[in-house]
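Novice: after the sequence you'll find the predicted model.
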Amino acid sequence: MADGIILREADMLHDGIRGVPPGAGPIPLDAVAAQGWHPAEGTMSLPVLTLDEDAFAGNRALMLRYVAEQGAAIAPHSKTPMAPALAASLVAAGAWGTTVADIRQAAVMLRAGLNRLILANQVGGPGGARRLARLHEAYPRAEIYAFVDSPEAASALDAAWREARLAPLPVVVEVGTGRAGARDLAAAERVITAVQASEGRLRLAGIGAYEGAAATVDAERTRTAIADLAALAAEAFGKVRAAVGPQAPLILTAGGSVYFDLIVQHLGPVAAADGKARLVLRSGAIFFHDHGIYKRGLAALDARQGFRLGGAVASASDGFRPALRIWAEVLSRPAPGLAICGMGMRDVSFDQDLPTPLRLHRDGRPLASFARPEEARVMKLNDQHGFLALGADSPVAVGDVIEFGISHPCTCLDRWRVIWGIDGQGRVQAAYPTCFG
């Protein structure tokens, strides 16, 4: 995956990185597979985060197929792994581009050779605008689509572009609810007017939104809120089209990893009817999936029959596979029904559920699977410890290694400097450095 991509300034592994055995290193990234490491065999420094390469590749192929069949494109959000090699693998497989959440993330991806970016967030005022201009000066051939939701933000970018004398910046007018974005058509029109007043330094490039901010605990209310947001996006898109003329290429972009089907349903026809517009989804976590929040999200997607392949309804829950695992040792059995594992809040996400015990390994071999919560359940986490409630007859012993599924990839991956890619037998095949800053 990493061929030709600049991953980090220092691309050597050493034992200050979780996973690397004590005393090992420096090890070049391309020599990792030759080490023969397996997280359950006691060699690697635990806890460790792994990426199932087969699951990731399958999720990638499935999502790209879905997008292509819907007549759309995708710029996967790189904030989830912030691993340039993984972002590059998605582009190499057919993704239209890459999405970032801020200027620093854009710099990371540009430095890695990824030159088409959606900056799906507000830049802010003059300071942010000048920083983006400086980044464009360093990468003059970059194609960066910047979200703007106010005349003030447009004015700041205009001033920065005038000062730097840069090529026109593609501006995506953001409409929104629950987060940033123009809240109604009149607000969107004011942004359009401000961009047009830039005398060509800014170029209207389309409409953006994020439907996940409209979600509530009520499924029907969520669908209604997303439909309303899509209707506003379609209206605003019509205003942008009228402003730029019938031939200019434009994008309509939305679509996270849970409600992308509703974006295809509502905005796909708008892009198709226009003829010069492209619907660009921004789903990122979907390629990693999980055993918690996204598992539930895909179950809800299936319940509304929103995933279609080959013209027929398909099961997203069956198609996508969780690719991330945390491996941790059992450190103590201090009381009946309790195990303490070497995995805590510094290692795994806990904002959208606690980790899920999946399999027990002993002496490098799988010993048992945990099929039901009453067999093994994470009760709570400390900084470095996980408290595991066990059944009365549990075989779990000190020194065993437990393989956990996670919930919410975004807040798990950002705890790790390296993601370890493993094959179907659990052997480490690759190391993907992350760049969370």
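Specialist: Everything's here; your move. As the structure is a prediction and not an experimental result, all values here were calculated from the model.
Novice: C-alpha only now, for contacts and for neighbours.
Specialist: Noted.
Novice: would you state the strands of the stretch 1-150 of the chain in chain order?
Specialist: Under the criterion DSSP state E, counting those that start in this stretch, the stretch 1-150 of the chain contains strands at 12-13, 27-28, 48-52, 73-74, 98-100, 116-122, 143-148.
Novice: and of these, who's closest to residue 303?
Specialist: Each of the strands of the stretch 1-150 of the chain was scored for nearness to residue 303 using Cα to Cα, and the closest is strand 73-74 (23.6 Å).
Novice: for that closest one, packing partners?
Specialist: If you count contacts as 3 or more Cα pairs under 8 Å, 6 or more residues apart in numbering; DSSP states H and E, strand 73-74 packs onto helix 53-69, strand 277-281.
Novice: would you list every one of the helices in the stretch 1-150 of the chain?
Specialist: Under the criterion DSSP state H, counting those that start in this stretch, helices of the stretch 1-150 of the chain are mapped to 53-69, 84-93, 103-111, 126-138.
Novice: do the stretch 151-300 of the chain as well
Specialist: So, for the stretch 151-300 of the chain - with DSSP H, counting those that start in this stretch - the helices run 151-164, 185-196, 219-244, 260-274, 293-303.
Novice: now the ones you listed in a markdown table, with distance to residue 384?
Specialist: Listed next are the helices of the stretch 151-300 of the chain as a markdown table, based on distance: least, Cα to Cα, whole Å:
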| stretch | distance to residue 384 |
| --- | --- |
| helix 151-164 | 43 |
| helix 185-196 | 47 |
| helix 219-244 | 36 |
| helix 260-274 | 36 |
| helix 293-303 | 23 |
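Novice: and these as a markdown table, adding mean neighbour count, mean pLDDT and distance to residue 418?
Specialist: Written out in a markdown table, the entries for these read as follows (neighbours: other Cα atoms under 10 Å; pLDDT from 0 to 100; distance: least, Cα to Cα, whole Å):
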| stretch | mean neighbour count | mean pLDDT | distance to residue 418 |
| --- | --- | --- | --- |
| helix 151-164 | 20 | 98 | 35 |
| helix 185-196 | 20 | 98 | 41 |
| helix 219-244 | 19 | 97 | 36 |
| helix 260-274 | 19 | 98 | 29 |
| helix 293-303 | 18 | 97 | 23 |
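Novice: picking up where we left off before, I'd like the strands of the stretch 1-150 of the chain as a markdown table, with distance to residue 255 appended.
Specialist: Formatted as a markdown table, the strands of the stretch 1-150 of the chain follow (distance: least, Cα to Cα, whole Å):
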| stretch | distance to residue 255 |
| --- | --- |
| strand 12-13 | 36 |
| strand 27-28 | 37 |
| strand 48-52 | 24 |
| strand 73-74 | 9 |
| strand 98-100 | 12 |
| strand 116-122 | 11 |
| strand 143-148 | 15 |
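Novice: between those, which gets nearest to residue 270?
Specialist: Using Cα to Cα as the measure, strand 73-74 is the one of those that comes nearest residue 270, at 14.2 Å.
Novice: so for that closest one, what's the average pLDDT?
Specialist: Taken as a whole, strand 73-74 has an average pLDDT of 98.
Novice: what's in contact with that strand?
Specialist: Contacts of strand 73-74 with the rest of the structure, by Cα atoms under 8 Å, 6 or more residues apart in numbering, involve 64, 67, 95, 96, 97, 278, 279, 280, 281, 282, 283.
Novice: just the buried ones out of those, please.
Specialist: For the contacts of strand 73-74, burial is judged from neighbour counts taken by 16 or more other Cα atoms under 10 Å, and it is met by 64, 67, 95, 96, 97, 278, 279, 280, 281, 282, 283.
Novice: got TSV for the strands of the stretch 1-150 of the chain, with mean neighbour count and distance to residue 164 too?
Specialist: Rendered in TSV, the data for the strands of the stretch 1-150 of the chain read as follows (neighbours: other Cα atoms under 10 Å; distance: least, Cα to Cα, whole Å):
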stretch	mean neighbour count	distance to residue 164
strand 12-13	18	37
strand 27-28	14	40
strand 48-52	25	42
strand 73-74	24	31
strand 98-100	26	23
strand 116-122	23	19
strand 143-148	24	16
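Novice: ok, which of those strands comes nearest residue 80?
Specialist: Each of the strands of the stretch 1-150 of the chain was checked against residue 80 via Cα to Cα, and the shortest separation belongs to strand 98-100, namely 9.4 Å.
Novice: just checking, what packs against that closest one?
Specialist: Packing partners of strand 98-100 (3+ Cα pairs under 8 Å, 6+ apart): strand 116-122.
Novice: which helices and strands does the strand it packs on pack with?
Specialist: Judged by 3+ Cα pairs under 8 Å, 6+ apart, strand 116-122 is in contact with strand 98-100, helix 103-111, strand 143-148.
Novice: just the angle between it and helix 151-164, please?
Specialist: The directions of strand 116-122 and helix 151-164 differ by 130 degrees, with axes from the mean of the first three to the mean of the last three Cα atoms, to 10 degrees as the criterion.
Novice: just the pLDDT for the closest residue to residue 289 other than its chain neighbours.
Specialist: Nearest residue to residue 289 in three dimensions, chain neighbours excluded: residue 322, at 4.6 Å (Cα to Cα, 6 or more residues apart in numbering). According to the per-residue confidence, residue 322 scores 98 in pLDDT.
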